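>>> sequence first, predicted coordinates after that:
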Amino acid sequence: MSATTAFLIATLARQLAGARRVAVGALSPMPGSAAFLARAQGLGPRQITVLGSRSNNDFTEGGRELFDRAAQGRIDAFFLGGAQIDGAANVNLVAIGDHDRPRARFPGSFGSSYLYFLIPRIILFREEHTPRTLVDKVDFISAPGTSPANVYRPGGPTALVTGRCVFAFDRTKGRFLLESVHPWSSIEEVRDETGFAFDVPQDVPVTPSPDDATLALIAGPVREQIAETYPAFAAGL
Amino acid sequence: MSATTAFLIATLARQLAGARRVAVGALSPMPGSAAFLARAQGLGPRQITVLGSRSNNDFTEGGRELFDRAAQGRIDAFFLGGAQIDGAANVNLVAIGDHDRPRARFPGSFGSSYLYFLIPRIILFREEHTPRTLVDKVDFISAPGTSPANVYRPGGPTALVTGRCVFAFDRTKGRFLLESVHPWSSIEEVRDETGFAFDVPQDVPVTPSPDDATLALIAGPVREQIAETYPAFAAGL
Amino acid sequence: MNILTIDEAVARIESGMTIALPPEYCGVAMAATRELLRQGTGRLHLLAVPQSGLQADLLIGAGRVATVEAAAITLGEQGPAPRFTAAVRAGTITMVDATCPAIHAALQASEKGLPFLPLRGILGSDVLARRPDWRVVDNPFGNDDPIVLLPAIRPDVALFHCEMADSQGNLWIGRRRELATMAHASAMTIATVETLHEGDFFADETLAAGVLPAAYVDAIVHSPRGAWPLAMPGFYERDAAEIAGYAAAAASAEGFVAWLAAHLARDEAA
Amino acid sequence: MNILTIDEAVARIESGMTIALPPEYCGVAMAATRELLRQGTGRLHLLAVPQSGLQADLLIGAGRVATVEAAAITLGEQGPAPRFTAAVRAGTITMVDATCPAIHAALQASEKGLPFLPLRGILGSDVLARRPDWRVVDNPFGNDDPIVLLPAIRPDVALFHCEMADSQGNLWIGRRRELATMAHASAMTIATVETLHEGDFFADETLAAGVLPAAYVDAIVHSPRGAWPLAMPGFYERDAAEIAGYAAAAASAEGFVAWLAAHLARDEAA
């Protein structure tokens, strides 16, 4: 098992503290693992819904139920990735370059354009932390980080977890604030590798490493639970 | 069994000729029987849905499915009653007198305000044919007989069957036309007992009486099929 | 599983609340309604989804109802709902007339967290004329095409009776999906159930298809024959004699009071 | 029951039609897709409900697709959909980007016979900016409250694979209710099924809860393993090796052609 993967799963899991109802979307093996870990740790999640899963999925209204449930205020936290994420927490899941003839094309926006507005705690996650992924301005806005005051928006981003650090998002300022730096990185490195400007407080702690009990949970029940939806990922855990 | 009841069931059944998909609403024992009779006679209906029934009901989306299916154009014919029906085919299922302090109050509009617009063939049925029920102008419009040209309205009334006669409805003129008179009545009686003006063609035939085969169907399979939803009515057939 | 006693569950319904109620063929929580009558909860706003009968009539007759919103109130084959009819004529309740699909759509709007849903039909009716809360707009995708918009309805409570609950607090409602819509749209859901099921419905995909997940359910009461004297399809038929007796007795206010007292006493003795 | 052979059923799909396709976890009619490739049907408009993968990629790679409307196209754990990615980069298909709930809502609008349905969110996104067919209006029930309206989508065909059909032509879809919405919203529904069931699902209320009624179904094909190499939950797993092989081969146009020829040949031999 990669130590980095376990570290990131544990870091993501902490973001779920107090969130009782967590949903995990498509293409999200690490966030899914984090949700199972947080539940095993008693951190908050009691109800975890994994899209595309059968055993961790209590939907009986088909694909629309995730979105209806989010709109009803019945989902507390959700993870979102991005091919690009910018300093205003705008997320791009679609393309790099011109939309009609892009240099790179990704799967698509999935439900991000909607869920980003409706779920109170959206945790952004992108392992690759480089000026290529964390950009000043995304090429395509799948979902905007903030909205004008008159737009109905009970939800939005609260944090961005990367392979180098954890940012908190300040919705009022529309900016990220460096919250902690992973043990193998530094404030300077984070600054160099981030394409957008962000705030840095006086004290920036080191992101805590998972203890042995946490690692055992990841290698045990978490791995087992995520295998249904992400067998290849689970095999590597 | 009342001969009149059988006569009316047979008369209503003829209105379903060529209608493949028929739905029957609440409080409709005679229309329901007519649908089963028409099917037994091979007149058209292949699919009959009886609201509130379990065995004659293929809905799996709950109560809204009747309305969604009607809007999809998947229901060809439907019956509608009325405490009052007027000469423009407006239907009143709500109240007589002032709405807030009515002289008489009826159950309510059910789905009429919607289905009258969407199902191509709405057959009005009111056994009591008096100036009290067939009025010049209804006190409350649960559903209007016609609509301005710009209103989306693929559906509407085609006929009105009463205890004395059958009227056809001319949607262009917004008026009823006397189509046939039951054997025990006459054009004069119909005129006297109708509170609204209507057109009378030169030849007005007598409504045909059900033959023995039809009566046997009503006393047999039809009675059996309607009993699930209207046991008291079926017991009287 | 949130298995409560019937008095605990019904105590969550407060005076003045909006309660969504299913139609008579769909699982009506009559035992819970009797408990509601005992607890004295009043000033209720009844939302029939989309019609009601005996249940609404009992609450109206007992003076517990301020407003009824419904497409119809009727005792079906047993005739008009007598206390409803009397109350409307006397002006002692506010009657908000609707039409079936409008109630379904307004609940679906709430289910989808939307402020409104459009609906075809209704134009030119007095149902629309008497609903200042409904709007007519020109369809933005059409050309001189008026269409009605209905504001979402978010009931405080969905109250119904259904077939079974499992040990995880999931309900099995089968194809009575209006019950799911009611629960999705409401702030709280209280269900009485005919039977309890050991295990988890989701362990069996055949059962799972008919489940309302525990995520929507706040209180469950084990209440065998909980729909009586109404029907619980698959368990018992409608008690037509009981309801016909009611229809006759409740023709007068005094008759209603006497019938209800006897009905409640019989229920307690059972 | 309208049991047809796969070529009869697929022949009903004409070039230029809009086809609604389910997501990979939900019953994809892959055998029917191979038949579609054999019949040469082209200029298709694919509507992914709300995402697709191998199925869309095969049709795109074979040059049969004019337009894709989707919230995402991906091979999931096997990576990006290579022919989709190449076609978008080359500009050989029109890509209409959507977001999952917008596709569900536009189909529900069609299911309800409505011209549009509103949806929260989306405002300020480039998804919205690039959809001239979507409108933003001020919520008539609010105050300076912009909201998106989505026009209804009415596909010509809904095409999917599901668990079983009964002798009345009813389909059992369990809790995969997006399949019901697709069928309700579409002009025609073609389904392939894993198994045939003697009798009538409606004879058993437990089964009835998971039924898509025959009233919505135009053609049924008995197609065991009809979702292969995708999963049919409860019957067989996703054939990850086959799909990984595809992902590698289809990285180039030539590799795609060779892989597809071998895949179709293997299918015919089976």
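Received it, and whenever you're ready, just let me know what you need.

>>> what about residue 59, neighbour count?
Went with chain A since none was named. 22 (other CB atoms under 10 Å in any protein chain shown). (C-beta placed from N, C-alpha, C; glycine too.)

>>> wait, chain C was what I had in mind.
A count of nearby residues for C:Leu59, using other CB under 10 Å, gives 25.

>>> C:Ala231 too?
Each residue near C:Ala231 was counted by other CB under 10 Å, and the total is 20.

>>> now swap in C:Ala261 and tell me
Using other CB under 10 Å, the number of residues around C:Ala261 comes to 10.

>>> interface residues of chain A facing chain C?
Residues of chain A that fall close to chain C, judged by CB under 8 Å from any CB of the partner chain: A:21, A:47, A:54-55, A:58-61, A:67-74, A:118.

>>> now intersect those residues with the helices, please.
Applying DSSP state H to the residues of chain A next to chain C, the entries found in helices are A:Phe67, A:Asp68, A:Arg69, A:Ala70, A:Ala71, A:Leu118.

>>> wait, the second one touches A:Glu61, no?
Put plainly, it is A:Asp68. Yes - A:Asp68 is in contact with A:Glu61 according to CB atoms under 8 Å; the separation is 7.0 Å.

>>> mutual contacts of the two, please.
Common neighbours of A:Asp68 and A:Glu61 are listed as C:His184 (criterion: CB atoms under 8 Å, 6 or more residues apart in numbering or on different chains).

>>> on that earlier part again, near chain D, from the ones in helices among the residues of chain A next to chain C?
Within the set of these, contact with chain D (CB under 8 Å from any CB) is found for A:Phe67, A:Ala71, A:Leu118.

>>> I'd like those residues laid out as JSON lines, including neighbour count and distance to chain B.
Formatted as JSON lines, these follow (neighbours: other CB atoms under 10 Å in any protein chain shown; distance: CB to the nearest CB, whole Å):
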{"residue": "A:Phe67", "neighbour count": "26", "distance to chain B": "18"}
{"residue": "A:Ala71", "neighbour count": "26", "distance to chain B": "18"}
{"residue": "A:Leu118", "neighbour count": "25", "distance to chain B": "24"}
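
>>> make CSV out of those and add distance to D:Pro224 and pLDDT.
Rendered in CSV, the data for these read as follows (distance: CB to CB, whole Å; pLDDT from 0 to 100):
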residue, distance to D:Pro224, pLDDT
A:Phe67, 34, 97
A:Ala71, 39, 98
A:Leu118, 41, 98
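
>>> can you list the domains in chain A?
Described in terms of automatic domain parsing, the domain architecture of chain A consists of the residue ranges A:1-77+A:208-237, A:81-206.

>>> can you put those in a markdown table and add distance to B:Leu93?
Formatted as a markdown table, the domains of chain A follow (distance: least, CB to CB, whole Å):
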| stretch | distance to B:Leu93 |
| --- | --- |
| domain A:1-77+A:208-237 | 32 |
| domain A:81-206 | 38 |
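
>>> ok, of the ones in helices among the residues of chain A next to chain C, which one's closest to D:Leu59?
For these, the minimum distance to D:Leu59 (CB to CB) is 26.6 Å, reached by A:Phe67.

>>> and the closest residue to that closest one other than its chain neighbours, what does it touch?
Computed as CB to CB, 6 or more residues apart in numbering or on different chains, the closest residue to A:Phe67 that is not its neighbour in sequence is D:Pro101, at 3.7 Å. Under the criterion of CB under 8 Å, 6+ apart, the contact list for D:Pro101 reads A:Arg64, A:Phe67, A:Gly111, A:Tyr114, D:Pro50, D:Leu119, D:Gly121.

>>> check those residues against chain B and report the nearest one.
Minimum distance to chain B across the contacts of D:Pro101 is 12.8 Å, recorded for A:Arg64 (CB to the nearest CB).

>>> quick check: the residue nearest to that closest one when sequence neighbours are not counted vs A:Gly111, distance?
For A:Arg64, the nearest residue in space outside its immediate sequence neighbours is D:His104; the separation is 4.0 Å by CB to CB, 6+ apart. For D:His104, the distance to A:Gly111 equals 10 Å [CB to CB, to the nearest Å].

>>> what's the burial count for residue 224?
I went with chain A, as the question did not name one. A:Glu224: 12 surrounding residues under other CB under 10 Å.

>>> that's the wrong chain, I meant chain C
Around C:Pro224 there are 14 residues (other CB under 10 Å).

>>> next, count neighbours for the closest residue to it other than its chain neighbours.
Excluding its sequence neighbours, the residue lying closest to C:Pro224 (CB to CB, 6+ apart) is C:Glu194, at 6.0 Å. Using other CB under 10 Å, C:Glu194 has 21 neighbouring residues.

>>> would C:Glu194 count as being in a strand?
Yes - read with DSSP: H, G, I helix; E, B strand; the rest coil, C:Glu194 is one of the residues of a strand.

>>> where exactly do the helices run in chain A?
Under DSSP H, chain A gives helices at A:3-14, A:29-40, A:64-71, A:112-118, A:187-193, A:212-217, A:223-227, A:231-236.

>>> any idea which of the ones you listed is most buried?
Scoring the helices of chain A by mean neighbour count under mean count of other CB atoms under 10 Å in any protein chain shown gives helix A:112-118 as the most buried, with a mean of 28.
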